[in-house]
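> Sequence first, then the predicted structure:
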Amino acid sequence: MREIIVLSGKGGAGKTSLTAAFAALAQKTVVCDLDVDAPDLHILLEPKDTVREDFFSGHEAQIDPNLCDNCGLCRELCRFDAIAEYSDASVVDPRRCEGCKLCVTMCPRQAIAFIPRRCGFWAEAGTRFGPMVHARLDPGGENSGRLVALLKQKARALAEREGCDTILCDGAPGIACPVISSLSGAHLAVLVTEPTPSGSHDLKRVASLCDHFRVPAAVIVNKADLNPEETAHIEAYCQEHGYTLLGRLPHDRSVTAAMVAKQTLPEHGGPLADDIARLWQAIASLAHAAGK
């Protein structure tokens, strides 16, 4: 089973648009959106959930009003100001509670429970291109790395059940915990960048991360014609460090038109769709070789 992850190092480089396009072209593939903090692949793929479950991580305090005598000790001790008095009763604000358990330990009436914290959800779904796994953390929800690992586990199990030989993942921007977790077990990282100073800088950061975890990396320069000098700099960097340069894509207004129509680029058609089809063939060949 081959696992391909599309990364960018930064937001706005075109990673998700390309992942959706590759999903439209791929055969026998499970699509997995690993950007759990701000997912948007579902906007284009319109998944219909078949399995949906809550994701729990960490704990939060919850006061039992039948046991609490409102002595105020918990409010006094909480350094996060997560406990307030309402109508002569102490109440925990779950948005402020950090799950430190001090109030649970110190409550003289043992009136505070320490319950699992719901942080979001994960789901298996069907799309017009095949099966998909996706998730979303609640605002401020913790442990994105663990949720990414769970999604990858579910995607592998789903691929085995459905007889799919490829998992195509849309990763999070940046190089933080979700991206590190995404790279675990991947056979190929496709790095989408743009010819700007920030695009070049963040490409180098995520490429270095791939090197650290020994995941082969291949690069696509998106909107390459906007800054030919920076594009040449990126291509020279790839050659110097041994990264496969998959190709360039021009700036094209059809990308916006396709998004407005909720279509992937292959569905929308046009010259850019042909370029993306050639890129996907190259990616599939690299992933097949890396997965041997």
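Nice, I can see it.
> buried ones in stretch 263-271?
Buried residues in stretch 263-271, counted by 16 or more other C-beta atoms under 10 Å: 263-268, 270. Glycine gets a C-beta too; all of them are placed from N, C-alpha and C.
> quick one: which of those sit in helices?
265-268 (DSSP state H).
> Could you dump those into JSON lines and include pLDDT and distance to His288?
What follows is those, written out as JSON lines (pLDDT from 0 to 100; distance: C-beta to C-beta, whole Å):
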{"residue": "Leu265", "pLDDT": "93", "distance to His288": "23"}
{"residue": "Pro266", "pLDDT": "95", "distance to His288": "20"}
{"residue": "Glu267", "pLDDT": "94", "distance to His288": "25"}
{"residue": "His268", "pLDDT": "92", "distance to His288": "27"}
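> coming back round to it: which one of the buried residues of stretch 263-271 sits closest to Ala149?
Thr264 (27.3 Å; C-beta to C-beta).
> still on that earlier bit, now for the buried residues of stretch 263-271: which two are most distant?
That would be Thr264 and Gly270, which, of the buried residues of stretch 263-271, are the farthest apart (C-beta to C-beta) at 11.9 Å.
> Identify the residue spatially nearest to Pro197, adjacent ones excluded.
What sits nearest to Pro197 in space, not counting adjacent residues and going by C-beta to C-beta, 6 or more residues apart in numbering, is Glu230, at 7.2 Å.
> That neighbour falls within a strand, correct?
No: assessed with DSSP: H, G, I helix; E, B strand; the rest coil, Glu230 is helix; it does not lie in a strand.
> let's have the chain start at 23 instead
Got it, first residue is 23 now, which makes that one Glu252.
> Please report the distance of Trp302 from Ala295.
Remark: distance between Trp302 and Ala295 (C-beta to C-beta, to the nearest Å) = 11 Å.
> again, but for Pro153
Distance from Pro153 to Ala295, by C-beta to C-beta: 23 Å.
> do Gln285 as well
Gln285 is 10 Å from Ala295, by C-beta to C-beta.
> cool, Gly221 as well?
For Gly221, the distance to Ala295 - C-beta to C-beta - is 23 Å.
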